[in-house]
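Participant: okay, here's the prediction I keep looking at, along with the sequence it came from:
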Amino acid sequence: MKYVIGIDLGTSAVKAILVDQSGEVVAEVSHPYPLIQKSAGYSEQNPEEWVKQTAKALAELVSIFTGDSSDIEGISYSGQMHGLVLLNENFQVLRPAILWNDTRTSQQCERITEEFGEEILAISKNLVLEGFTLPKILWVQEHEPDLFKQAAVFLLPKDYVRYWMTGMIHSEYSDAAGTLLLDVVNKEWNSEILRKFSIPETICPPLVESHALVGTVRPEVASELGLSVQTKVFAGGADNACGAIGAGILSSKDTLCSIGTSGVILSYESDKETDYQGNVHFFNHGKVNSFYSMGVTLSAGQSLTWFKNTFAQNETFEQMIDAIYDVPVGSEGLLFTPYLFGERTPHPDSLIRGSFIGISGSHRQEHFVRAVLEGITFSLNETIQLFRQAGKNVDTIISIGGGAKSDSWLQIQADIFNAKVIKLKSEQGPGLGAAMLAAYGVGWFSSLEECAKKFIQYSSEFHPHKDRVEKYQQLFEIYQMVYSKTKEINHKLAQFRS
Ligand SMILES: Nc1ncnc2c1ncn2[C@@H]1O[C@H](COP(=O)(O)OP(=O)(O)O)[C@@H](O)[C@H]1O
Ligand SMILES: O=C(CO)[C@@H](O)[C@H](O)COP(=O)(O)O
């Protein structure tokens, strides 16, 4: 039997899966790393920590594996998007990576929008948002000019870890699309944008397709981890592009819901001319010459994790969620908005913050937990509403990510989205997507679609229940009022955040 490895460099942890030729996930390992939040709006991670934890995860995966390491034919990567990793001419890391959920760059975004807003939207197909890479580059240029002068190349998170593994510098289209520097339709770094902001073209890594072979495992890494030097390494994709591949979103039929640290509703796009005027993101898919649109809730799983860490540290996610069983739809009048670190879709606003609205003396912890799950799901439903308004038929949703571990949450998704929700056998969609890119890359399949037929296995379905759908439709209208009613208050409170 032959195998491939899919590595998903998430925000909370790196997850590695070993998959055999029949698509069976035979081993999986995960190692966490912390977020570094030095001040309000800052979110960083140390790239060397990613490497350390990835090495640990791979060594563990290989130690579980009973076969011959030369039977592991390919490895590929999925990774958190947009994060800025700056390297000097010796390819050494110059500073901690500034992540996708770091919102310190509002001023840089204003500058880009004032000087170049319309053109950037036309070229990159996306609005200028704090999370994207270009504003982060400008922030370093302005605040750390001496360090910026030393920058020889920038990489996205998973591309740095892959560089450690292979010694080769590359980026690929699906992740490059989230930088605001890529001409998304023509698939090239845009010289005009680079020139406008005095960014040397040499800082941009060479671009390849997601399934492209970019190297093999370096001998030092191979001997440290027990891998073979012959194992081929393929470029991989942005976590959402890989999530789409791993959930079989390779045509317009289905929609993806991914709840990791962030939350995403994603739809396949075959037509590069599709124009959402920036209301949702529009990025290159990991499948050649394809695209996807998506809306993002910045703090999805992160809202639940925040609640657990703050109020229920001694409980597991399962215990905390099991307790909501007796709490009715709507948490008896308690609403939550998940804007812990600002929001993206449909309210691109770095200053907004979350709320519990309607707290009453009878509410217990389980009401708050249900309200958090419902609030995150309402936020994702805002993107589903945008898609439906744009004429998309959203009736089947494949749900992946840490959030898909909970059947109760999947039922809430079905009832709020008013759609059938499908759970996969493995909730590790992005890791599976990365493994599929490796399986396609090594030549086991003639297309990603062929691979999907073998690798993607459904586990269960959740159907919307009419009564609950109706109640949630009423509650969703009330939920949607909370943003505008709390916006001014939150913007005034911003000066008090440290
Ligand atoms: N048993 C569970 N039930 C529901 N949600 C869970 C459970 N375990 C973890 N989660 C959620 O999953 C999130 C992590 O998902 P994951 O896909 O691993 O994220 P990332 O890719 O960002 O690292 C956590 O923030 C947490 O809220
Ligand atoms: O910023 C985005 C997408 O635009 C996020 O979806 C990141 O890609 C992080 O993903 P997770 O760690 O939450 O999976």
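Facilitator: Sure, I can see it. Ligands and ions are numbered 1, 2, ... in the order given.

Participant: which residue, other than its chain neighbours, is closest to the residue in the stretch 51-200 of the chain that ligand 1 sits nearest to?
Facilitator: Across the stretch 51-200 of the chain, no residue is closer to ligand 1 than residue 80, which sits at 6.6 Å (C-beta to the nearest ligand atom). Glycine gets a C-beta too; all of them are placed from N, C-alpha and C. Nearest residue to residue 80, sequence neighbours excluded (C-beta to C-beta, 6 or more residues apart in numbering): residue 11, at 4.9 Å.

Participant: neighbours of residue 75, how many?
Facilitator: 30 (other C-beta atoms under 10 Å).

Participant: what's the nearest residue to it if we skip its chain neighbours?
Facilitator: Spatial nearest neighbour of residue 75, chain neighbours left out: residue 5 (4.5 Å); criterion: C-beta to C-beta, 6+ apart.

Participant: surely the one you found is within a strand?
Facilitator: Yes: counting by DSSP: H, G, I helix; E, B strand; the rest coil, residue 5 falls inside a strand.

Participant: how about stretch 300-319, does it get close to ligand 2?
Facilitator: No: residues of stretch 300-319 are not located near ligand 2 by C-beta under 6 Å from any ligand atom, the shortest gap being 6.8 Å.

Participant: can you list the buried residues in that stretch?
Facilitator: Within stretch 300-319, the residues that count as buried by 16 or more other C-beta atoms under 10 Å are 300-308, 312, 317.

Participant: re the thing from before, list the contacts of the residue of the stretch 51-200 of the chain closest to ligand 1.
Facilitator: Each residue near residue 80 by C-beta atoms under 8 Å, 6 or more residues apart in numbering is listed here: 9-11, 99-100, 157-158, 239, 261.

Participant: ok so, going back, tell me the contacts of the residue nearest to residue 75?
Facilitator: Per C-beta under 8 Å, 6+ apart, neighbours of residue 5: 16-19, 58, 61, 72, 74-76, 435, 438.

Participant: which elements pack onto the helix or strand harbouring residue 305?
Facilitator: Per DSSP states H and E: residue 305 is located in helix 301-311. Based on contacts counted as 3 or more C-beta pairs under 8 Å, 6 or more residues apart in numbering; DSSP states H and E, the elements that helix 301-311 packs against are helix 317-322, helix 365-389.

Participant: so what's the gap between that helix and the chain middle?
Facilitator: 18 Å (C-alpha atoms, centre = their mean, to the nearest Å).

Participant: ok, residues contacting it?
Facilitator: Applying C-beta under 8 Å, 6+ apart, the contact partners of helix 301-311 are 11-12, 101, 259-263, 299, 315, 317, 320, 336, 338, 340-341, 354, 365, 368-369, 372-373, 375-376, 401-403.

Participant: restrict these to those near ligand 1?
Facilitator: 11-12, 260-261, 317, 401-403.

Participant: near ligand 2, which residues of the stretch 251-400 of the chain are found?
Facilitator: 260-262, 264, 296.

Participant: need these in JSON lines with neighbour count, secondary structure and pLDDT, can you?
Facilitator: Converted to JSON lines, those look like this (neighbours: other C-beta atoms under 10 Å; DSSP: H, G, I helix; E, B strand; the rest coil; pLDDT from 0 to 100):
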{"residue": "260", "neighbour count": "27", "secondary structure": "coil", "pLDDT": "93"}
{"residue": "261", "neighbour count": "25", "secondary structure": "coil", "pLDDT": "93"}
{"residue": "262", "neighbour count": "25", "secondary structure": "coil", "pLDDT": "94"}
{"residue": "264", "neighbour count": "26", "secondary structure": "strand", "pLDDT": "98"}
{"residue": "296", "neighbour count": "26", "secondary structure": "strand", "pLDDT": "97"}
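
Participant: ok, back up a step: number of nearby residues for the residue nearest to residue 80?
Facilitator: Using other C-beta under 10 Å, residue 11 has 22 neighbouring residues.

Participant: what parts of the stretch 1-150 of the chain come near ligand 1?
Facilitator: Within reach of ligand 1 by C-beta under 6 Å from any ligand atom, the stretch 1-150 of the chain has these residues: 10-13.

Participant: hang on, the earlier thing: which of the contacts of helix 301-311 are buried, as a PyMOL select command?
Facilitator: Selecting only the buried members of the contacts of helix 301-311 in PyMOL, with burial defined as 16+ other C-beta under 10 Å, works like this:
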select buried, resi 11+12+101+259+260+261+262+263+299+317+320+336+338+340+341+354+368+369+372+373+375+376+401+402+403
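
Participant: is it correct that residue 297 is in contact with residue 379?
Facilitator: Yes: counting by C-beta atoms under 8 Å, residue 297 does reach residue 379; the two are 4.3 Å apart.

Participant: ok, those two, which is more surrounded?
Facilitator: With neighbours defined as other C-beta under 10 Å, residue 297 and residue 379 compare such that residue 379 has more, 30 against 27.

Participant: residue of the chain closest to ligand 2, please.
Facilitator: Closest point on the chain to ligand 2, by C-beta to the nearest ligand atom, is residue 260, at 3.0 Å.

Participant: ranges for the helices of the stretch 201-350 of the chain?
Facilitator: All helices of the stretch 201-350 of the chain, identified by DSSP state H, counting those that start in this stretch, fall at 219-225, 239-246, 301-311, 317-322.

Participant: now those as CSV including distance to residue 186 and mean pLDDT?
Facilitator: As requested, the helices of the stretch 201-350 of the chain are exported to CSV (distance: least, C-beta to C-beta, whole Å; pLDDT from 0 to 100):
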stretch, distance to residue 186, mean pLDDT
helix 219-225, 35, 97
helix 239-246, 18, 97
helix 301-311, 35, 97
helix 317-322, 44, 98
